[in-house]
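[1] Have a look at this prediction, sequence included:
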Amino acid sequence: LNLNRAQQPRLLGAKPEQLKGRFTFASTLDGLDPSDNPWALLETARESLGLGDDIVPAIADQSVMMWALGMKMLGDTIDYTDEHGNAFKVKFVGQLVDSILQGSLIIAESDFIRRFPSESGYRVFLVDAPAGKTDAVSSELSAALANHGFECVRATQRLGELNAVQNTYLNTFQVLGGLGLLLGSLGLGVVVMRNVQERKSELALLRAIGFEKRTIKRFVLGEYLGLLIGGLLIGTVSAGLAVLPTVLSPTTDVPYALLGATLGSVLLLAGLWTWIATNLSLRGNLLEGFRGD
């Protein structure tokens, strides 16, 4: 439950031709032809889908649709009221990937003017400055337009601020995952130790018929390491199948190095605790317990 969830995000009116080639689209609504400029759907989707005058096509950031608006999908709508008091709906026809436009819904400028004619001028600007002159351009614009309350923010800074909450959650889950990894590996060691203790008479019998102690340790360790590796492989394959559609998406950046390091850590820690538990359980003279039986 998010009490701060935006029910009606800010609407921004834009000219599709000016945004051509800008930003990365995750997907567009089925039945629409994005051609070489998906932004054109803001003007063409009404005719293509046969929408009424009370429905306005819109494009939003993927994370806004999924999290801020509560799992909205392409084709879903949100209710709005224009300045005349007339209700209308905003229909999602496209979604962007991790953009600086998070928190806003983009509609065609013509639709915006029709719904809010008293809103004059522009309040949001996207400045495409040369890579080596961003600071100079930012300072120049801020100084020249200071009387109008103009504030210039770098795109990287803006995106970092928007992702700050998401990154905080991810870092928290990473810490909890690390703690779970430690406890799970330790728990595996405890289970191995208890199981070996219960089988001590069987292992003592192996010692009595001539197997050396280091050979018995190798048998036991190989058995549990085999179970560990098998379980890890099954879990990895199952998880891979579950996220396969996301991994195959061209807009998804999969952290393969981090995933590999995590799996390696699981294998290393679990193997370490298994080795420790096996050695602790088989220390001493196995034949003494066998004679007692």
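    The structure has been received and is ready for your questions.

[2] low-confidence ranges in the stretch 51-200 of the chain?
    The stretch 51-200 of the chain contains no residues with pLDDT under 70.

[3] mind listing the strands for this structure?
    Applying DSSP state E to the chain gives strands spanning 10-14, 25-28, 55-61, 77-81, 87-96, 104-108.

[4] quick check: angle from the last one to strand 77-81?
    In this case it means strand 104-108. 80 degrees (axes from the mean of the first three to the mean of the last three CA atoms, to 10 degrees).

[5] Indicate each strand paired with strand 104-108 and its parallel or antiparallel sense.
    strand 10-14 (parallel), strand 55-61 (antiparallel) (DSSP bridges).

[6] Tell me how many other residues surround L183.
    Neighbourhood size, L183 [other CB atoms under 10 Å]: 10. C-betas here are computed from N, CA, C, even on glycine.

[7] what's the closest residue in space to S110 that isn't next to it in sequence in contact with, if anything?
    Residue nearest to S110 in three dimensions, not counting chain neighbours: E43, with 7.2 Å by CB to CB, 6 or more residues apart in numbering. Listed by CB atoms under 8 Å, 6 or more residues apart in numbering, the contact set of E43 reads 16, 57, 108, 110.

[8] Look up which residues are beta-bridged to the closest residue to K89 other than its chain neighbours.
    Leaving out its chain neighbours, the residue that sits closest to K89 by CB to CB, 6+ apart is T77, at 4.2 Å. Assessed by DSSP bridges, T77 has beta-bridge partners K91.

[9] wouldn't T77 be in contact with A87 here?
    No. T77 lies out of contact with A87 (CB atoms under 8 Å); the separation is 11.3 Å.

[10] returning to what we had before: next, the contact list for the residue nearest to K89, please.
    55, 89-92.

[11] Buried only: go through these for me.
    55, 90-92 (16 or more other CB atoms under 10 Å).

[12] which among those residues gets closest to D82?
    Using CB to CB, V90 comes nearest to D82 of these, at 11.1 Å.

[13] Just give me the neighbour total for T81.
    T81: 11 neighbours (other CB under 10 Å).

[14] Look up how far A87 lies from it.
    5 Å (CB to CB, to the nearest Å).

[15] next one: E140
    Counting by CB to CB - E140 and A87 are separated by 43 Å.

[16] Residue ranges of each domain in this structure, please.
    10-126, 181-292 (automatic domain parsing).

[17] what separates the longest one from the chain centre, distance-wise?
    Yep, that's domain 10-126 we're talking about. Relative to the centre of its chain, domain 10-126 is centred 23 Å away, using CA atoms, centre = their mean, to the nearest Å.

[18] Now the terminal residues of it, how far apart.
    Taking CA to CA, to the nearest Å, the first and last residues of domain 10-126 lie 16 Å apart.

[19] same deal with stretch 46-59?
    13 Å.

[20] Show me which positions of that stretch end up buried.
    So, applying 16+ other CB under 10 Å, buried residues of stretch 46-59: 46, 49, 55-59.
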